[in-house]
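>>> Okay, structure incoming, though there's no sequence with it:
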């Protein structure tokens, strides 16, 4: 209903050592993306709809309260469907379930190159903003932290990857003033094949 299931036919694969990441475009169907944008435009005006992200309370990142958006709840629930999970599992994973949230990064937010904690097995991050900025997407890096790719922050675009110690990633450019960096961030749990 909301997710463009054909996105799996149009992925760009990035491989580093034994790890893979995939660039994802048109994650949501166009009509759904427009609905999400409209809803988020009103929600950024409602400070009560957002909470601090655990372990990032001292940063300029907020997470949308789960109950604040039935539309985004429906999208995450669609990611829990067997059809979606089967498509994800064609990418050499064995995902069982997804959970997610919407992040809102504001002026000054950035995060150094890092590896996610053990709880994060796979992740989609899909950018939900209206603006495009070639420097504000996630950067992926070598073992020494030097970035080898920064994907652009652009509407309905993002990445999927399996978390391993081979893939450092981060936001190396600070979010500028008056820029709302919004994204759907979902993690999947699985047992590796």
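Arrived safely, thanks for sending. Because the structure is a prediction, the values reported are computed rather than measured.
>>> For the residue at minimal distance from the centre of the chain, list each beta-bridge partner.
Residue closest to the mean C-alpha point of the chain, counted by C-alpha atoms, centre = their mean, is residue 125 at 1.1 Å. Taking DSSP bridges, one obtains residue 159, residue 185 as the residues bridged to residue 125.
>>> Contacts only, for it.
By C-beta atoms under 8 Å, 6 or more residues apart in numbering, the residues touching residue 125 are 138, 158, 159, 183, 184, 185. For every residue, glycine as well, the C-beta is placed using N, CA and C.
>>> Which residue is the nearest non-sequential neighbour of the second one?
The one in question is residue 158. residue 126 (3.9 Å; C-beta to C-beta, 6 or more residues apart in numbering).
>>> Settle this for me: that neighbour is touching residue 160, isn't it.
No. Using C-beta atoms under 8 Å, residue 126 makes no contact with residue 160, being 9.0 Å away.
>>> mind listing what residue 177 touches?
Residue 177 is in contact with residue 107, counting by C-beta under 8 Å, 6+ apart.
>>> any idea which element it lies in?
Under DSSP states H and E, no helix or strand contains residue 177.
>>> can you check residue 93 too?
Residue 93 is part of no helix or strand, with elements assigned from DSSP H and E.
>>> Look at it and say how many residues are nearby.
Residues lying near residue 93 (other C-beta atoms under 10 Å) number 20.
>>> Surely it touches residue 160?
No. Judged on C-beta under 8 Å, residue 93 makes no contact with residue 160 at a distance of 9.2 Å.
>>> mind checking the SS state of residue 34?
helix (DSSP: H, G, I helix; E, B strand; the rest coil).
>>> And the helices in the protein, which stretches?
30-43, 70-79, 82-88 (DSSP state H).
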